[in-house]
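S.K.: Build me a structure from this.
(chains A and B)
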There are 2 protein chains.
Amino acid sequence: MQQTKLPFGHYKVPQVKEDSYITGLKLANSLKGSELIPFIPINGRQVNFYYCGPTVYSNSHLGHARTYLGIDVIRRTLRDYFHYDLLSVMNITDIDDKIITGANAAKQDFLEFTKIWEKDFFDAMEALNIELPDVITRVSDYVPEIVTFIQKIISNGYAYESNGSVYFDVQKYIADGHTYPKMRPEVNAELLQEGEGESQLNKQSEKKSPYDFALWKSSKPEEPKWQSPWGEGRPGWHIECSVMASAILGNPIDLHAGGIDLLFPHHDNSLAQAEACFNCEQWINYFIHLGHLNIADRKMSKSLKNFMTIEEVLKRYTPRQVRLNFAIHQYDAPQNYSEEQMEQAIAKDKSYQEFFQNTKIYLRESQVTDAQKWTENDFQLSALLRSTKQIIHQALINNFDFPTVVDATDKLINQVNIQIASKNVRAPLINSVINYVNFIFGLLGINYQTLLSNQIDIQPLMEQVCSIRDKVKVAAKNNDFESIINAVTQKQIQYEKNISNYLVDAINQFQQEVLIASQNKNKQQIFQICDKLRDQQLFDLGIKIEDKDQSSIWKQYDIQELKLEKLQQQILLQQKEQQRKKEELEKLEKAKLSPKEFFSQQTDKYLEFDESGLPIKDKDGNELSKKQKKVVQELWEKQNKLYTQYLEQQKQQQ
Amino acid sequence: MQQTKLPFGHYKVPQVKEDSYITGLKLANSLKGSELIPFIPINGRQVNFYYCGPTVYSNSHLGHARTYLGIDVIRRTLRDYFHYDLLSVMNITDIDDKIITGANAAKQDFLEFTKIWEKDFFDAMEALNIELPDVITRVSDYVPEIVTFIQKIISNGYAYESNGSVYFDVQKYIADGHTYPKMRPEVNAELLQEGEGESQLNKQSEKKSPYDFALWKSSKPEEPKWQSPWGEGRPGWHIECSVMASAILGNPIDLHAGGIDLLFPHHDNSLAQAEACFNCEQWINYFIHLGHLNIADRKMSKSLKNFMTIEEVLKRYTPRQVRLNFAIHQYDAPQNYSEEQMEQAIAKDKSYQEFFQNTKIYLRESQVTDAQKWTENDFQLSALLRSTKQIIHQALINNFDFPTVVDATDKLINQVNIQIASKNVRAPLINSVINYVNFIFGLLGINYQTLLSNQIDIQPLMEQVCSIRDKVKVAAKNNDFESIINAVTQKQIQYEKNISNYLVDAINQFQQEVLIASQNKNKQQIFQICDKLRDQQLFDLGIKIEDKDQSSIWKQYDIQELKLEKLQQQILLQQKEQQRKKEELEKLEKAKLSPKEFFSQQTDKYLEFDESGLPIKDKDGNELSKKQKKVVQELWEKQNKLYTQYLEQQKQQQ
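M.R.: Predicted coordinates for the structure are as follows:
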């Protein structure tokens, strides 16, 4: 046996060829123990990418969100940042034990059943702005290809039929110098050992060795079945990826991804099957794994009541907030999901939104004909932009280190906020920064620009509304009702055809009400009407007005997001309120104790007490020191005060 | 003199360093006679880019459009395709003879005057969706830097003061081994010759040599003036670019661009000045030039009445159409602008718009849960997408060969049109093609997606409207007025808050009118109302309905563009009509001639005629052959017929 015993000694880094497209990208390759390996596609810029899709038998949950958001960001980055020519394939597992159980329970045909959950999955993906793969492969579409594939493995001598099922012959495979499992060297070593000794064949089993796994299972009654050379049966779980990935992408394949929970046995078996079928050494060149997700420090499971569906999560958080929460964690590291974490993401999201809002206003208010000569500020910001680009580039080629990317972006944004506040930086440069930040967020599948894009439509209208409302307020301060009437009647507000009729109505109503109020010389009412326009009418349409001393600015938001923002704030308040109540209750309970009772409970601290209940010996029976006595004396008085207050209350309540 | 006599022997290709970012891009470098030179920036991905802006003294015209659209596409491609870190500077020439003349004529301060035309320029750029540079430098902001710069050149011995002005000393410069003019070897050779002989100093002139050019001009009265060591004066034209480019980007600079008309003397002098100031060999590494633009085969000029302002052009064509017209010509080749050419661009634009519309509908109508297994069609289209990407990549690295890019994109689009018509290709793959095509158009500054993005808002509404209208039409065919009334009354149409009130009104009106017409059992009227909704009410809102036999589909367009489209069609009709009238008139004039007069005019063909006016000898005095006689006989009768008809008409008119 010529095989090296080095862990991961089997792995060969793809060769650099003349047409190789080298970007400097390095990936944590599970085929080499997560070592960072330079990414070299087989054909120029072309990258063939396969990743494991869901088994469709119930709701898509937060675990799916983590895995497929991670893959989505990786796809966007490979395509939009590194400009690889990506062809990506994702499978749908629609034949599986859980599915069969579920379908039988639901008294549905298994394909009716899976279609329901497949739709649930893709709806969740769309809601999270996760792009579709180029190719979707369903196992139920590939059974004939699977049978042919298994036949090839058998004819290569690496699988055997047994009692209507077909199993992969691990020992034979290893004996011929192949490595299995490639990504689990410790198991591989074990198997090599064993290979030299006697293969202890389990007589009870259909399998030659306990390590052998099923490629084809003879179907039990009530299970979906397909004809095969081995009788009616169905594919084993692992075979599908080997078959469907090669059906579209062939052999070898550049990149394979999936959740870390699939690494063994699923991915190792997929590798073995394909390499056994093609009699090749390395079917996949790069295998990357998305980190495991815990919910509040525990594995997510229905029993633990920390199972969260994507639908539920999106009732509380916007897709952007969810995406950000995952983006600020390294894709291949384990992550723990918690509400506190989401609070961080919400805060970040808010600061990014304000960055785009405020820079937009800065550009809106500056003219290209303004002073344009660069000052020290501009040179500094320009230099920061360039160094940020370098930091981000280094982070991206370093196994998609997005935490660092987000961090560098934050620093850049903070600088811009400072600069535009001081109003001493050139607008074209700010515009360049916006474009870059927008590009980077695009890699995260996040876009704040489209959020603002329709703003163009209402800009002329809102300029008019703000200026009229400002006039009204200033005039009201001076009791100058004359000019108020002029302000709201003098000139017709111009509307675009595509302005929402709700907005138009709100503004007309505002003008009407102001007119009447000023005819009645009712100053207070006028201010109330101005506030109502800001806090209710426009707010409900997603428009926020911010009042400065003499003038006001306006910002447009997504209506649904504003509603969600309100909800999030309410939930936070409720949680605070509950906390407060809890503490009050504890305080009350404590107050019910006389000082004597209060100390007598603390047997873990004190052993002996005097008649008033004051401790005199600690738990070890030692006399209390002067200092300690002083302390317990104070505690006694404090408790006594609480207790007497409590008794007072009791009396009053009688 | 160690200088090589080789043309362009002075040019040195930038060295590849360890951190060099090599994309394979080659540029036609004017510093090497437009030879294609591998593009190697000085610092990694960073590219410092300077390009010559406008002299602001009158309207921006089509020449500006060509130059700055070209530069815009190059900037987007360097940044968004090749991912260079671009810092781009454009100057505004606001000190210049033409400006001074114009300002004096307008009795304005020259800066008031230039601000007007600067705004005109930037408005035109914005209208054409041309991005602002990162840095705008105005000459009037940099006079102190210019003075210092000139002093440095003098102290280096390459310029001299003469009568309050300062000139560049070309002979001294060459004598020290510098090359001038770098991009005009023939002139350079001449100067080298001369340098060896006697410098024939023109006594009348302030200049040592006729080739010397002004760095600083002493101001005449009524000219703006600035203090300087040489008295009150103003900068020469050429000095500004040397000073402002290095003030922001330093020395050396990666890339310099401008219109070909500026190559000599302006760009050559800019090079000489900077290299004389920094005493360096190569201030600019790559100098690219935008090709010259002719209008209808002639140089554009007001006198030739073919001077077209951008404002005028945009009254007839959309920015996209104008951009496309330039995109389909190589940026550095001469181009001839004509209406026929614009017709091509319009046709292309229309086909692209329909591509995005139809694919959008294809995606709208397909479900992710549809059959997804790839067929031969999908494999072929996927392969075409990949080969297209390779062709486009090769074209882009080949000096931004966008004509080839557009051509390859067209082929891809045609294939997709065929595939979606046959409805036998997977939607996710179509989606990937759309994303790629959209990305490529993005390099051209063209975006058809945003055009459609707001479609999401009206989609649910339009689905309802189309289905109701379809029901109404089918029922009307069957005189089933009952169901028509149900269709328009049964269920309320759902509106989004952000739907235009015009659209809502149109639909309500439609339903009202249909209701009344069907109560009156007026079938014809119902059809008319359905057509009115399609051809007037919705069309005016930018929504086109296309009726298929039983059902209908809807598409949304930009309202302004639809109007422009109508206008363009009208203009075409008018032109055809004028042509028709012209021909009619000629025919009428011809008919006024008797056969005798008709031939007698043709002295260029015939020498002798018989009494009826029939030719008997050709112009050389030879008898007409039988064949010729037969021909003229036929002509005679044809003309006679026309003539008699004419006489008839005359009679009737009396």
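S.K.: what's the neighbour count on the residue in the stretch 451-600 of chain A positioned nearest to chain B?
M.R.: Residue of the stretch 451-600 of chain A nearest chain B, by Cβ to the nearest Cβ: residue A:501 (3.0 Å). Just so you know, the C-beta spots here come from the backbone N, C-alpha and C atoms, and that holds for glycine as well. The number of residues packed around residue A:501, counting by other Cβ atoms under 10 Å in any protein chain shown, is 18.
S.K.: ok, residue A:489 - contacts?
M.R.: Counting by Cβ atoms under 8 Å, 6 or more residues apart in numbering or on different chains, residue A:489 makes contact with A:511, A:515.
S.K.: What score does it have for pLDDT?
M.R.: The model reports residue A:489 with a pLDDT of 87.
S.K.: And for the one 3 residues further on?
M.R.: At residue A:492 the predicted local distance difference test score is 74.
S.K.: give me the number of residues near it?
M.R.: Neighbours of residue A:492 (other Cβ under 10 Å): 7.
S.K.: Could you confirm it falls within a helix?
M.R.: No: read with DSSP: H, G, I helix; E, B strand; the rest coil, residue A:492 is coil and lies in no helix.
S.K.: quick one: it and residue A:464, what's the gap?
M.R.: 10 Å (Cβ to Cβ, to the nearest Å).
S.K.: that older thread, the residue of the stretch 451-600 of chain A closest to chain B contacts residue B:501, correct?
M.R.: Yes: using Cβ atoms under 8 Å, residue A:501 is in contact with residue B:501, at 3.0 Å.
S.K.: Now do the phi/psi pair for the residue of the stretch 451-600 of chain A closest to chain B.
M.R.: phi -70, psi -30 (degrees, to the nearest 10).
S.K.: returning to what we had before: common neighbours of residue A:501 and residue B:501, please.
M.R.: Joint contacts of residue A:501 and residue B:501 (Cβ under 8 Å, 6+ apart) do not exist.
S.K.: With chain B as the reference, measure out to residue A:383.
M.R.: 10 Å (Cβ to the nearest Cβ, to the nearest Å).
S.K.: what sits up against the host helix or strand of that residue?
M.R.: Element membership for residue A:383 (DSSP states H and E) is helix A:376-397. The set of residues external to helix A:376-397 that reach it, using Cβ under 8 Å, 6+ apart, is A:23-26, A:77, A:81-82, A:374, A:401-402, A:404-405, A:408-409, A:411-412, A:415-416, A:419, A:422, A:424-426, A:429, A:432-433, A:436, A:440, B:44-46, B:85, B:87, B:134-135.
S.K.: and what of stretch A:588-606?
M.R.: A:609, A:612-615, A:617-619, A:632, A:635-637, A:639-640, A:642-643, A:645-646.
S.K.: Can you show me the CA trace of the helix or strand harbouring residue A:440 as CSV?
M.R.: Per DSSP H and E, residue A:440 falls inside helix A:427-443. Presented in CSV, the C-alpha positions along helix A:427-443 are these (Å, rounded to 0.1, in the frame of the first residue of the first chain):
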residue,chain,number,x,y,z
ALA,A,427,-19.1,66.5,-2.4
PRO,A,428,-17.6,64.6,-5.4
LEU,A,429,-15.2,62.8,-3.0
ILE,A,430,-18.1,62.0,-0.6
ASN,A,431,-19.9,60.6,-3.7
SER,A,432,-17.0,58.4,-4.4
VAL,A,433,-17.0,57.1,-0.8
ILE,A,434,-20.7,56.4,-1.0
ASN,A,435,-20.2,54.4,-4.2
TYR,A,436,-17.5,52.3,-2.7
VAL,A,437,-19.3,51.6,0.5
ASN,A,438,-22.4,50.7,-1.5
PHE,A,439,-20.3,48.3,-3.5
ILE,A,440,-19.0,46.6,-0.4
PHE,A,441,-22.5,46.3,1.1
GLY,A,442,-23.5,44.8,-2.2
LEU,A,443,-21.2,41.9,-1.5
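S.K.: State the mean pLDDT of that helix.
M.R.: 97.
S.K.: and that helix, which residues are buried?
M.R.: The neighbour-count check on helix A:427-443 (16 or more other Cβ atoms under 10 Å in any protein chain shown) flags A:427-434, A:436-437, A:440-441, A:443 as buried.
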